[in-house]
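Q: Based on what follows, work out the 3D shape:
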Amino acid sequence: MSGFSLTQAIRRAVSIRPDAVAVIDGEQAFTWRQFADRVSRLAGAFLDLGVQPGDRIVLLALNSHRTLECFYAAMQAGGVIVPLNHRLGQGEIVAQANDCSPAVVLLGPDFADLAGVLEMDPDGSRRALIHCAAGSAPAGFLAYEDLVANHQPVADTGRCGDDLACLLYTSGTTSAAKGVMLSHANFCANTANVVPELGMTEETVHLHHGPLFHVASAARLFSTTHVAGTHVFLPRFAAGQVIAEIARTGVTHATFVPTMFRMLLDEPALRTADLSSLRYVSYGSAAMPEPLLREFMAALPQARLLQSYGMTELSPVVTILGWRDHLPDAAAGGRLRSAGRPAMLAEVAVVDGEDQPVPAGTHGEVIARGPMVMQGYWNRPDLTAEALRGGWMHTGDIGYFDEAGYLYVVDRLKDMIITGGENVWSQEVENALAAHPAVAQCAVIGRPDPHWGEAVHAVINLREGMAATESELIAHCRGLIAHYKCPRSIDIRERPMPLSGANKILKSELRAELAAAAG
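A: Predicted structure coming up:
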């Protein structure tokens, strides 16, 4: 074996901490020695099922110790793990499974009813189905624990370097679904970028509550294993359960998106639980309103906060706003609105429409290159060539660098609003709205306007027990940002925001709702 390998990390963990706890899942716990044995036996089962080097193994299940085993066993058997988004519709799930043509499909008990539509490949071949749960399996399935118990451990097949490790789909629509090909070397580069910044060591106890079809959650599986820390699993994010699990298992590291910050802050248990073990909290995946961030920092003063910026195609991190930049002196200068500086192995630039670098302070598209950049899009050489033109990953984000080398991401290209010929960055407006004490969550989009081209439109959830009117919120914004940037209309709604599987607000759905209302 030559090149960086994700499975090598298990062997290292066994060599240095064989009897230390590797995984905690409810009342179950496994040492590194036990975990490695289970992974190796499951890899043997995959090989007996005919998995060949590079074959895809689909996983559709909520988080558990078994999902972690599936990730590593797939790679140890020479395969490529494909965790699918269980929040998609059946047609979307089937389309993505057919796109990657898996040899094996693992279904958690919550998704076993999809067996009938996932069992057959379009070419007529039958896929092996495994029931990813304890106990006996339904008809047509192989039982997971029987496979582990009845197979002998097998040696690592030796996949490494640019060999594919994961295939992660970035879109929830069947027509535009893109499978991002990420290699062993890609994820190892991400580990090298984040471990020093996050202070991760063998004493790390990392909580995994986010969906593993999201790259930020999947990547933390690898970095925690690389340091031989301890994995703690919850099936999914639920604020009360997250708080209880941190207190119960002594979690030291966790990562959240902005909507989760709000949910945690609104959970009464946050103010009474013993969360003293929590030392590092990272956040990302969506724009973080500064008022929300400051509220969270005040609620958990013992935790060091960090922001990471990137995308699935970057494995995922390319810039980090470190915990020192969250301290009062640095934060007072507006640094909390930054996405940080390039990670150790990343090169990041801001360019104009001709891909030429622009001066500090000038807006342009954020691009990146380095060993964390994807291998390409599955079966889409056209999209790969467009995204990776010139050897740089083009993120589609608009940002700028300041004179100190800090990146500020102001919007997605597709989310920028052009009103009366002026560019309005939705994140700036969202930051202003979030500063109002009654606003719990907000999203800003463009509304078609016959005079201005687009008008700024906001969708808002208010905090429980608080009130605010449209005119009051617009007046609040006018005290903080230019008038042309302020919302011209606001939808104050009681129903929750539409969220993606990674708990990001889905602006595409908000735009669709707005269009439907307009007729």
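
Q: Centroid-nearest residue for this structure?
A: By CA atoms, centre = their mean, the mean C-alpha position of the chain lies nearest to residue 216, the distance being 3.3 Å.

Q: what domains does the record give for this protein?
A: 8-182, 347-412, 416-518 (automatic domain parsing).

Q: Which of these sits closest to residue 292?
A: The closest of these to residue 292 is domain 416-518. By CB to CB, the value is 5.9 Å. Using the backbone N, CA and C atoms, a C-beta is placed for each residue, glycine as well.

Q: what about the closest one, distance to the chain center?
A: 24 Å (CA atoms, centre = their mean, to the nearest Å).

Q: And stretch 61-79, by the same measure?
A: 18 Å.

Q: CA-only coordinates of that stretch, as PDB, when you get a sec.
A: Once non-C-alpha atoms are left out, stretch 61-79 reads as follows in PDB (Å, rounded to 0.1, in the frame of the first residue of the first chain):
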ATOM      1  CA  ALA A  61     -29.800   4.500   7.600                       C
ATOM      2  CA  LEU A  62     -29.900   6.700  10.700                       C
ATOM      3  CA  ASN A  63     -26.700   7.100  12.600                       C
ATOM      4  CA  SER A  64     -25.400   4.200  14.700                       C
ATOM      5  CA  HIS A  65     -22.300   2.300  15.400                       C
ATOM      6  CA  ARG A  66     -23.300   0.100  12.400                       C
ATOM      7  CA  THR A  67     -23.200   3.000  10.000                       C
ATOM      8  CA  LEU A  68     -19.600   3.800  11.100                       C
ATOM      9  CA  GLU A  69     -18.700   0.100  10.600                       C
ATOM     10  CA  CYS A  70     -20.300   0.200   7.100                       C
ATOM     11  CA  PHE A  71     -18.100   3.200   6.100                       C
ATOM     12  CA  TYR A  72     -14.900   1.500   7.100                       C
ATOM     13  CA  ALA A  73     -15.900  -2.100   6.000                       C
ATOM     14  CA  ALA A  74     -16.800  -0.800   2.600                       C
ATOM     15  CA  MET A  75     -13.400   0.700   2.100                       C
ATOM     16  CA  GLN A  76     -11.500  -2.200   3.700                       C
ATOM     17  CA  ALA A  77     -13.300  -4.500   1.200                       C
ATOM     18  CA  GLY A  78     -12.100  -2.200  -1.600                       C
ATOM     19  CA  GLY A  79     -15.500  -0.600  -2.200                       C
END
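
Q: Identify each buried residue in it, please.
A: By 16 or more other CB atoms under 10 Å, the buried positions in stretch 61-79 come out as 61-79.

Q: Of those residues, which belong to strands?
A: The strands, defined by DSSP state E, take in nothing from the buried residues of stretch 61-79.

Q: Burial-wise, tell me which of the domains of the chain comes out on top.
A: A comparison of the domains of the chain by mean neighbour count, using mean count of other CB atoms under 10 Å, puts domain 8-182 on top with a mean of 19.

Q: First-to-last residue distance for that domain?
A: When the termini of domain 8-182 are compared using CA to CA, to the nearest Å, they are 17 Å apart.

Q: Stretch 51-71 too?
A: Stretch 51-71: ends 14 Å apart by CA to CA.

Q: can you give me the offset of that stretch from its chain's centre?
A: That offset, for stretch 51-71, works out to 17 Å (CA atoms, centre = their mean).

Q: what's in contact with the longest helix along the chain?
A: Longest helix of the chain, by residue count under DSSP state H: helix 32-48. With CB atoms under 8 Å, 6 or more residues apart in numbering as the contact definition, helix 32-48 has outside contacts at 10-11, 13-14, 17-20, 22-23, 30, 57, 65, 69-70, 72-74, 76-79, 104, 142, 144, 147-157, 228.

Q: check contacts around residue 110.
A: Neighbours of residue 110 in contact, by CB under 8 Å, 6+ apart: 61-62, 86.

Q: Mind putting those residues into CSV with distance to residue 165?
A: Shown next, in CSV, are those (distance: CB to CB, whole Å):
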residue, distance to residue 165
61, 18
62, 21
86, 21
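
Q: What is the nearest of the residues you listed to residue 352?
A: residue 86 (40.3 Å).

Q: And the residue nearest to that closest one when sequence neighbours are not counted, how close does it get to residue 357?
A: Of all residues not flanking residue 86 in the chain, residue 60 sits nearest, at 5.5 Å (CB to CB, 6 or more residues apart in numbering). Residue 60 sits 43 Å away from residue 357, going by CB to CB, to the nearest Å.

Q: Residue 215 now?
A: Taking CB to CB, one finds residue 215 at 27 Å from residue 357.

Q: Kindly report the same for residue 206.
A: 37 Å.

Q: Same check on residue 311?
A: Distance check for residue 311 against residue 357: by CB to CB, it reads 20 Å.

Q: cool, and residue 178?
A: Distance from residue 178 to residue 357, by CB to CB: 27 Å.

Q: what about the strands in the stretch 1-150 of the chain?
A: In the stretch 1-150 of the chain, the segments counted as strands under DSSP state E, counting those that start in this stretch are 21-25, 28-31, 56-60, 80-83, 104-107, 128-131, 142-143.

Q: got the angle for the first one vs helix 32-48?
A: Angle, strand 21-25 to helix 32-48, by axes from the mean of the first three to the mean of the last three CA atoms, to 10 degrees: 70 degrees.

Q: For strand 21-25, which strands pair with it and how are they oriented?
A: Using DSSP bridges, the strands paired with strand 21-25 in its sheet are strand 28-31 (antiparallel), strand 230-233 (parallel).

Q: Nearest to residue 135, out of those strands?
A: Residue 135 sits nearest to strand 28-31 of all these, at 13.6 Å, using CB to CB.

Q: Let's test this: mean pLDDT of that closest one, rounded?
A: On average, the pLDDT along strand 28-31 is 98.

Q: got it, and stretch 213-231?
A: pLDDT averaged over stretch 213-231 gives 97.

Q: before we move on, what about stretch 112-125?
A: Taken as a whole, stretch 112-125 has a mean pLDDT of 93.

Q: Can you tell me what sits against it?
A: With CB under 8 Å, 6+ apart, stretch 112-125 has contacts from 58, 60, 90, 93-94, 97-98, 101, 105, 107, 126-127, 129, 131, 138, 140-141.

Q: how does it look with 6 Å?
A: 94, 97-98, 101, 105, 127, 129, 138, 140 (CB atoms under 6 Å, 6 or more residues apart in numbering).

Q: Filter those residues down to the ones in helices?
A: Mapping these onto helices (DSSP H) picks out 94, 97-98.

Q: for the strand or helix carrying residue 398, packing partners?
A: Element membership for residue 398, per DSSP states H and E: strand 393-401. Here strand 393-401 touches strand 347-351, strand 364-369, strand 407-412, going by 3 or more CB pairs under 6 Å, 6 or more residues apart in numbering; DSSP states H and E.
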